[in-house]
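S.K.: Next one to model:
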Amino acid sequence: MPSFDIVNYSLRPSKSIQRQVVFEGMRLLQLQLDLDSMNYIGFGSIWFTDFILAHKILGIDNMHSIEADDIGYTRAVYNAPYATVRVHHGLAGNVLPILLTDQALVSRPWMVWLDFDYAFDESVREDLRTLIENAPTNSVVLITFNGNEMKYGAGPDRPKRLQELFGSIVPDDLPKNACKEERMQATLADFGLDFMQSIAAEISRPGGFVPAFRLIYKDQSPMVTVGGILPAKGAAAVATNIVRHISWPGKPPKPIVAPHLTIREASALQSQLPRTDKLSRDLVKSLGFDLIDEQIEAFETYYRHYPSFAQVIS
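M.R.: Presented below is the predicted three-dimensional model:
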């Protein structure tokens, strides 16, 4: 069963925050690099949430969505939100090489986001290699995949599985506890970025690869998003300075786990922000409800990105 029949991807709060953080980072890159004429390439599914953000926030018009499922393809064509969205039927591994032969496409940078709902596997690895090796100069490449440790075999077998996937960047003495619970997601994120950088070095891309995005989020399964910039040689220093600045949003230190709040609760908390001191549990209780400390901290950190959902009854 395709994932769009299981989950409405537009309604997951942690996912929504993750998207907005990524596009906030992309806007900063767009302001300082030559990214005004980008193409957007991704998996719009039938919701096209990231495509809408790419158009509204970054002003991207030329967009390409990849959809492998037969019914999903017809629904994606029907639901495409803009006249400039083109839906391609097939797997990413088959569609990407075709897009890379289109001279009009490769003459401009890409923002490409392969947002998988399953684990990093050999097919994902090859899609990533294709992009790092061939994406146009000044492109931004992102990939999302499932970080649940159980997707990578039984506990004792996980280090070997990671070596199969990422190769020599995984040390022979990788501790087994690096592949457990939330540490597994951090391990996968680090190896994912190292793998991307190693491909760029292997083929001697003139500007190399600048790691820019490292996000872990959880609505149900823990998910990992990593990515970076493939800058022109003369833009590598600028790109590096952007992502190393203290204000860079693309590498939050903690996983994004958004609390599930009613609109009334979110509005009440938002009315207390921003503030010079931290939101406290006692303050929340004084508003008329209660949350645990981790939920309060998460909301305070991401309240500017927190989504508001409501059912419209007609």
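
S.K.: Spatially, what comes nearest to residue 227 if we skip its sequence neighbours?
M.R.: With C-beta to C-beta, 6 or more residues apart in numbering as the criterion, residue 227 has its nearest non-adjacent residue at 3.2 Å, and that residue is residue 142. No exception for glycine: its C-beta is placed from N, CA and C like everyone else's.

S.K.: gap between that neighbour and residue 239?
M.R.: For residue 142, the distance to residue 239 equals 15 Å [C-beta to C-beta, to the nearest Å].

S.K.: next one: residue 70
M.R.: From residue 70 across to residue 239, the span is 40 Å (C-beta to C-beta).

S.K.: Between these two, which is the more surrounded one?
M.R.: Counted by other C-beta atoms under 10 Å, residue 70 and residue 239 do not tie: residue 239 has more neighbours, with 24 against 10.

S.K.: Counting neighbours, which bits of stretch 250-266 end up buried?
M.R.: 250, 251, 252, 255, 256, 257, 258, 259, 261, 265, 266 (16 or more other C-beta atoms under 10 Å).

S.K.: Then stretch 295-306?
M.R.: Judged by neighbour count (16+ other C-beta under 10 Å), stretch 295-306 contains these buried residues: 295, 296, 297, 298, 299, 300, 301, 302, 303, 305, 306.

S.K.: likewise stretch 170-181?
M.R.: Neighbour counts over stretch 170-181 (16+ other C-beta under 10 Å) mark 170, 174, 178, 179 as buried.

S.K.: any idea how far residue 162 is from the closest residue in space to the third one that isn't next to it in sequence?
M.R.: Same thing as residue 178. Leaving aside its sequence neighbours, residue 178 sits nearest to residue 187 (C-beta to C-beta, 6+ apart; 4.8 Å). Going from residue 187 to residue 162 by C-beta to C-beta gives 7 Å.

S.K.: ok, now residue 265?
M.R.: Residue 265 is 40 Å from residue 162, where distance means C-beta to C-beta.

S.K.: swap in residue 99?
M.R.: Computed with C-beta to C-beta, the distance linking residue 99 and residue 162 is 29 Å.

S.K.: who's more crowded, those two?
M.R.: Between residue 99 and residue 162, counted using other C-beta under 10 Å, residue 162 has the larger neighbour count: 23 against 20.

S.K.: how about the more buried one, what does it touch?
M.R.: Listed by C-beta atoms under 8 Å, 6 or more residues apart in numbering, the contact partners of residue 162 are 152, 170, 174, 179, 187, 188, 191.

S.K.: pretty sure residue 153 is touching residue 159, no?
M.R.: No - taking contacts as C-beta atoms under 8 Å, residue 153 lies outside contact range of residue 159: 9.5 Å.

S.K.: of the two, who's got more company?
M.R.: Neighbour count, other C-beta under 10 Å: between residue 153 and residue 159, residue 159 has more, with 21 against 15.
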